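> Okay, predicted coordinates and the sequence, questions at the end:
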Amino acid sequence: MDFATFLIQCLNALQYGLLLFLVASGLTLIFGIMGVINLAHGSFYMIGAYMAYALAPFVAATFGGGFFSTLAVGLVLSVVFGYVLEWAFYSYLYEREHLQQVLMTYGLILVFEECRSLLVGDDVHGVPMPPVLSGAIALSDVQQYPVYRLFISGVCLALALGMYFVFTRTRLGMMIRAGATNREMVQSLGIDISFLYRVVFAAGVAIAVLAGMVASPVSSVYPGMGNSVLIICFVVVVIGGIGSIRGALLAALLIGIVDTFGKVLLPQAAGVLVYVLMALILLWRPDGLFKAG
């Protein structure tokens, strides 16, 4: 493997890991802070990808915008969707047993898949890259790296820094962390914990939707695409530590490296390497790499 090929694989690992973090961070917010096992989280990623495909003609006709306008409209819609979804369904799950959470959120997967089939059909679709990001950077005489993949990494890094700032430097982050630790005490201080949880859930949904929209130009948009993402996101949450944003980031980057280089160096075993990594880390640290925070 020459240096240019090695660099490409490193960039691929970084891009995949950061994108994985973008999806998993929303899951770890909902799972770790609100205590809800949300099997439908992968469906939010799928909804984002289909938004990028289906909203583009509407946004172009209404606002005259392109891909970035579609991202903005999709992000606003996802926040509203997440807020309403928490109010209508998830707000009843906080005091329920995990089995009831699993059954209801699995039912939502079926509902979302059926709605997707009715609205856009079961075909595989592609989303064009924005022209301004469709170029490539030359890494050698014969090898190039797409600019759009660097854009994905940049978006994910920006959101990671934004989440870190919110959770560690703002009053909202302090209230969210306090609510995750002792919900009753936060309520006794006059804070509306129900509204706080609704905001957290809407943010988690919006992050997953944004991940699906950003990833759609480099992957196909197809039925059931959220299911495989959901599995690997739970692996990220377990490795990183339930409720830990920095743990999710580190775990996602580790998985990105193992998965990318595993497919190059050990293609026959690549499918299990991530789960071997999870087993080894849990043997070393049964609670994951970091505690919530």
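Structure received.
> low pLDDT regions in this protein?
Residues of the chain that meet the criterion pLDDT under 70 lie in 1, 292-293.
> Would you tell me which helix is longest in it?
helix 3-28 (DSSP state H).
> Name the residues of that helix that come out as buried.
Under the neighbour-count criterion of 16 or more other CB atoms under 10 Å, helix 3-28 has 4, 8-9, 11-28 buried. The way it works is simple: take the backbone N, C-alpha and C, and place the C-beta from them, glycine included.
> for stretch 264-275, same thing?
Buried residues in stretch 264-275, counted by 16+ other CB under 10 Å: Ala270, Leu273, Val274.
> what's in contact with the helix or strand encompassing the last one?
Using DSSP states H and E, Val274 falls within helix 270-284. Outside of helix 270-284, the residues that reach it under the criterion CB atoms under 8 Å, 6 or more residues apart in numbering are 232, 235, 238-239, 254-255, 258-259, 262-263, 266, 288-289.
> Kindly give a single ChimeraX line that selects the buried subset of these.
Buried subset of the contacts of helix 270-284, written as a ChimeraX selection, criterion 16+ other CB under 10 Å:
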select :232,235,238,239,254,255,258,259,262,288,289
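> Pipe the contacts of helix 270-284 into TSV and attach secondary structure per row.
TSV is the format used below for these (DSSP: H, G, I helix; E, B strand; the rest coil):
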residue	secondary structure
Ile232	helix
Val235	helix
Val238	helix
Ile239	helix
Leu254	helix
Ile255	helix
Val258	helix
Asp259	helix
Gly262	helix
Lys263	helix
Leu266	coil
Gly288	coil
Leu289	coil
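> Need the contacts of helix 270-284 in TSV (columns: distance to Val84).
Below are those laid out as TSV (distance: CB to CB, whole Å):
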residue	distance to Val84
Ile232	28
Val235	29
Val238	29
Ile239	32
Leu254	35
Ile255	32
Val258	38
Asp259	35
Gly262	40
Lys263	40
Leu266	45
Gly288	32
Leu289	34
